[in-house]
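**Q** I would like the atomic coordinates for the input below:
(2 chains)
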Amino acid sequence: MSDSELGRKWDRCLADTVVKIGTGFGLGLVFSLTFFKRRMWPLAFGSGMGLGMAYSNCQHDFQAPYLLHGKYVKEQEQ
Amino acid sequence: MVPRVWSLMRFLIKGSVAGGAVYLVYDQELLGPSDKSQAVLQKAEEVVPTAVYQFSQYMCEQTGLKIPQLPAPPKFNIRESWNSGISTVMSALSVAPSKAWEYSKEGWEYLKERTK
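**A** I've put the predicted structure just below:
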């Protein structure tokens, strides 16, 4: 794996971690406010789940160096 | 009768808010593969500043208040700063023994001159 590819993987990993922890925290917040009487554990649970999912994704990404990753390109109107 | 209807309404409202949040996460694939998360983050970086700016302009028009023009934030690249910091620390560590030898030699020469 070249250095640039390794750097891109790390970037993808960090972005994924941020998004997943934020999403888990957000969902935990919604459920805490709606069903669980503003307790703290849904936030911790959601954040922990997001972190675990991000870690798992990163692990698969680094252990499978031959899988290609595509890029989403915006459609250009002609 | 009315309290039961009210508690049922509250439950339905809470359920729809929570269900909407779950559907939004599912639709945007926020808990999916890492490629999609990266795409969502890039899209948010493009959309959020313009949305905040438009909202602030709308609020200024509605309330008549004027938000003072803040200076543009300095361009700060975390990656460049981190890399240059690591390079500086490593180069300092690599020259530390020779520099220590030089300074101790100079100190010794100085002491010898003073004690003559």
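
**Q** so residue A:75, which of the three states?
**A** Under DSSP: H, G, I helix; E, B strand; the rest coil, residue A:75 falls in the coil class.

**Q** and the gap between it and chain B?
**A** According to Cβ to the nearest Cβ, to the nearest Å, residue A:75 and chain B sit 14 Å apart. For the C-beta atoms, the positions are set from N, CA and C on the backbone; glycine is no exception.

**Q** what score does that residue have for pLDDT?
**A** With respect to pLDDT, residue A:75 has a value of 77.

**Q** now the helices for chain B?
**A** Along chain B, counting by DSSP state H, helices occupy B:2-27, B:34-63, B:78-115.

**Q** pick the most deeply packed of the ones you listed.
**A** By mean neighbour count, with neighbours taken as mean count of other Cβ atoms under 10 Å in any protein chain shown, helix B:34-63 ranks first of the helices of chain B at a mean of 13.

**Q** and that helix, what does it pack onto?
**A** helix A:3-34, helix A:41-63 (3 or more Cβ pairs under 8 Å, 6 or more residues apart in numbering or on different chains; DSSP states H and E).

**Q** near residue A:11, how many other residues are there?
**A** 13 (other Cβ atoms under 10 Å in any protein chain shown).

**Q** show me what contacts the closest residue to it other than its chain neighbours?
**A** With Cβ to Cβ, 6 or more residues apart in numbering or on different chains as the criterion, residue A:11 has its nearest non-adjacent residue at 7.7 Å, and that residue is residue B:38. The contact partners of residue B:38, taken as Cβ atoms under 8 Å, 6 or more residues apart in numbering or on different chains, are A:11, A:12, A:15, A:16, A:19.

**Q** go on, residue A:44?
**A** residue A:28.

**Q** number of residues surrounding residue A:34?
**A** Residue A:34 sits with 20 neighbouring residues when counted by other Cβ under 10 Å.

**Q** pretty sure it sits against residue B:14.
**A** Yes - at 4.0 Å, residue A:34 and residue B:14 qualify as touching, with contact defined as Cβ atoms under 8 Å.

**Q** next one: phi and psi at residue B:77?
**A** Here is the backbone geometry of residue B:77 (degrees, to the nearest 10): phi -100, psi 110.

**Q** how much space separates it from chain A?
**A** Applying Cβ to the nearest Cβ, the value for residue B:77 to chain A is 13 Å.

**Q** number of nearby residues for that residue?
**A** Residues near residue B:77, counting by other Cβ under 10 Å, number 9.

**Q** still on that earlier bit, scan the contacts of residue B:38 and report the most crowded one.
**A** Busiest of the contacts of residue B:38 [other Cβ under 10 Å] is residue A:16, holding 28 neighbours.

**Q** quick one, what contacts that one?
**A** Counted by Cβ under 8 Å, 6+ apart, residue A:16 has contacts A:54, A:57, A:58, B:34, B:37, B:38.

**Q** can I get these in TSV with distance to residue B:23?
**A** Putting these into TSV (distance: Cβ to Cβ, whole Å) gives the following:
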residue	distance to residue B:23
A:54	21
A:57	22
A:58	26
B:34	22
B:37	18
B:38	22
